[in-house]
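Participant: Have a look; sequence and predicted model below, questions after that.
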Amino acid sequence: MQKITKEVYLKWYEDMMFWRKFEDKLAAVYIQQKVRGFLHLYNGQEAVLAGALHAMDLTKDKMITAYRNHVQPIGMGVDPKRVMAELYGKATGTSQGLGGSMHIFSKEFRFYGGHGIVGGQIPLGAGIAFGDKYHDKDAVTICCFGDGAARQGSLHETFNLAMLWNLPVVFVCENNGYAMGTSVARTANHTEIWKLGLGYDMPSGPVDGMNPIKVAEAFDEAIQRARKGGGPSFLEVKTYRYRGHSMSDAQHYRTKDEVAEYKKIDPITQVKDIILEKEYATEADLKAIDKDVKKRVSECEKFADESPYPDKNVMYDVVYEQEDYPFIDHKIK
């Protein structure tokens, strides 16, 4: 793994702060009804992505995840303006405004969604890894899902085949404690999800998901194992979301005190404390980063606001390959 240097800490701080403020803005414009439908925010889980990206080779490795998927493509290299435009349903979005919040996608930057079906991305992640192995691409796929999706039968079928075929994939359960409003303890007679991998002789283990250093170390080990032909791994990354499951979540299943306790180990605060302790930057330097982050988020909002909505015909163009599809006798005006 590349050494975690001063530059890495400063990048982590800037990236995680941008992701946090980007989604804070999404929450604000959602209330204004500029973003419609469902909106699942990543606040609190940023260390998982920061650590993963540090261990990945972004020139060839791939990522697929669930519907809490706005900041991952940004980390992979997608223009955040296009991500926000997609959430607005605008033509300049990553999927021309047709995918929306839960279906961000970028073939160019090897980000394969964004999936609204719980656990649906688990077999797809194995399939992407199968393709890379078949074509000798020396790439590793990071396949993320939540603790609720870990109860899907498709996980077991996928784990079995991934081990049987020795696929270059890292399965990642981002355990934020709740499947919507259902705690992990209420979904099974065990709370250590990582042990599910042991039944398939898959290298598995828990990871402190609030600390990007611990995440980077665990991901590096798993990614290197896969790249060297050692097959899949399963990481249970124990993290926490500060906001509800979605914007419509009243959060009656947990207390404000519980959230406050987890905010004491906020990944952004942890990185900030290290930066100041090691004198990598001053408070003034970090405030300058914060100011720049705010400016960039505002630029994303302006871009999304000013972008046009897609033409209605686009809905047909991306569904039907045959232009004279027999069930369409006129163009939608």
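Facilitator: Right, received. Where do you want to start? Because the structure is predicted, anything quoted here is derived from the model rather than measured.
Participant: what about the helices in the stretch 51-200 of the chain?
Facilitator: Using DSSP state H, counting those that start in this stretch, the helices of the stretch 51-200 of the chain run over 71-76, 80-88, 121-134, 153-164.
Participant: What average pLDDT does the second one get?
Facilitator: Per-residue pLDDT values across helix 80-88 average out to 98.
Participant: cool, stretch 114-121 as well?
Facilitator: 94.
Participant: Now that stretch: buried residues?
Facilitator: The neighbour-count check on stretch 114-121 (16 or more other CB atoms under 10 Å) flags 114, 115, 116, 118, 119, 120, 121 as buried. From N, CA and C alone the C-beta is placed, and that goes for glycine too.
Participant: Looking at the residues you listed, which two lie furthest apart in space?
Facilitator: Within these, 114 and 119 form the most distant pair, 13.9 Å apart (CB to CB).
Participant: Which parts of the stretch 201-333 of the chain are strands?
Facilitator: 204-208, 233-238 (DSSP state E, counting those that start in this stretch).
Participant: Switch the ones you listed over to JSON lines; also include mean neighbour count.
Facilitator: Output for those, formatted as JSON lines (neighbours: other CB atoms under 10 Å):
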{"stretch": "strand 204-208", "mean neighbour count": "20"}
{"stretch": "strand 233-238", "mean neighbour count": "26"}
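Participant: okay if I get those as a markdown table plus mean pLDDT?
Facilitator: Output for those, formatted as a markdown table (pLDDT from 0 to 100):
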| stretch | mean pLDDT |
| --- | --- |
| strand 204-208 | 98 |
| strand 233-238 | 98 |
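Participant: Was I right to think residue 195 contacts residue 206?
Facilitator: No: counting by CB atoms under 8 Å, residue 195 stays clear of residue 206, with 9.2 Å between them.
Participant: so how far is the first residue of stretch 169-189 from its last?
Facilitator: Taking CA to CA, to the nearest Å, stretch 169-189 runs 27 Å from one end to the other.
Participant: Stretch 114-121 now?
Facilitator: 8 Å.
Participant: re the thing from before, do you know which of the strands of the stretch 201-333 of the chain lies nearest residue 129?
Facilitator: strand 233-238 (11.6 Å).
Participant: which strands and helices sit next to the closest one?
Facilitator: strand 169-175, strand 204-208, helix 212-227 (3 or more CB pairs under 8 Å, 6 or more residues apart in numbering; DSSP states H and E).
Participant: Deepest-packed of those, please.
Facilitator: strand 169-175 (a mean of 28; mean count of other CB atoms under 10 Å).
Participant: how distant is that strand from the center of its chain?
Facilitator: A distance of 11 Å separates the centroid of the chain from that of strand 169-175, by CA atoms, centre = their mean, to the nearest Å.
Participant: Given it, what are its sheet partners and their directions?
Facilitator: The sheet places strand 169-175 alongside strand 141-146 (parallel), strand 233-238 (parallel), with pairing taken from DSSP bridges.
Participant: any chance of those strands in CSV, plus distance to residue 202?
Facilitator: Output for the strands paired with strand 169-175, formatted as CSV (distance: least, CB to CB, whole Å):
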stretch, distance to residue 202
strand 141-146, 13
strand 233-238, 5
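Participant: Nearest to residue 187, out of these?
Facilitator: strand 141-146 (11.1 Å).
Participant: pLDDT averaged over that closest one - what is it?
Facilitator: Strand 141-146 comes out at a mean pLDDT of 98.
Participant: Kindly report the same for stretch 245-256.
Facilitator: 93.
Participant: contacts for it?
Facilitator: With contacts defined as CB atoms under 8 Å, 6 or more residues apart in numbering, stretch 245-256 is touched by 27, 30, 38-41, 177-178, 180-183, 243-244.
Participant: Of those residues, which belong to strands?
Facilitator: 178, 182, 183 (DSSP state E).
Participant: For the residue lying closest to the last one once chain neighbours are set aside, give me its contacts.
Facilitator: Yep, that's residue 183 we're talking about. Spatially, and ignoring its direct neighbours in sequence, residue 183 is nearest to residue 177 (6.4 Å; CB to CB, 6 or more residues apart in numbering). Listed by CB under 8 Å, 6+ apart, the contact set of residue 177 reads 147, 183, 184, 240, 241, 254.
Participant: Any of those buried? List them.
Facilitator: If we count by 16+ other CB under 10 Å, the contacts of residue 177 have these buried: 147, 184, 240, 241.
Participant: want to throw the residues you listed into CSV with distance to residue 54?
Facilitator: Shown next, in CSV, are the buried ones among the contacts of residue 177 (distance: CB to CB, whole Å):
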residue, distance to residue 54
147, 24
184, 27
240, 20
241, 21
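Participant: List just the nearest of these to residue 230.
Facilitator: residue 147 (25.7 Å).
Participant: quick one: residue 160 from residue 202, how far?
Facilitator: The gap separating residue 160 from residue 202 is 10 Å, by CB to CB, to the nearest Å.
Participant: So for those two, which sits in the more crowded spot?
Facilitator: residue 202 (18 against 14; other CB atoms under 10 Å).
Participant: Spit out the contact partners of that one.
Facilitator: Applying CB under 8 Å, 6+ apart, the residues contacting residue 202 are 159, 162, 163, 171, 231, 232, 233, 234.
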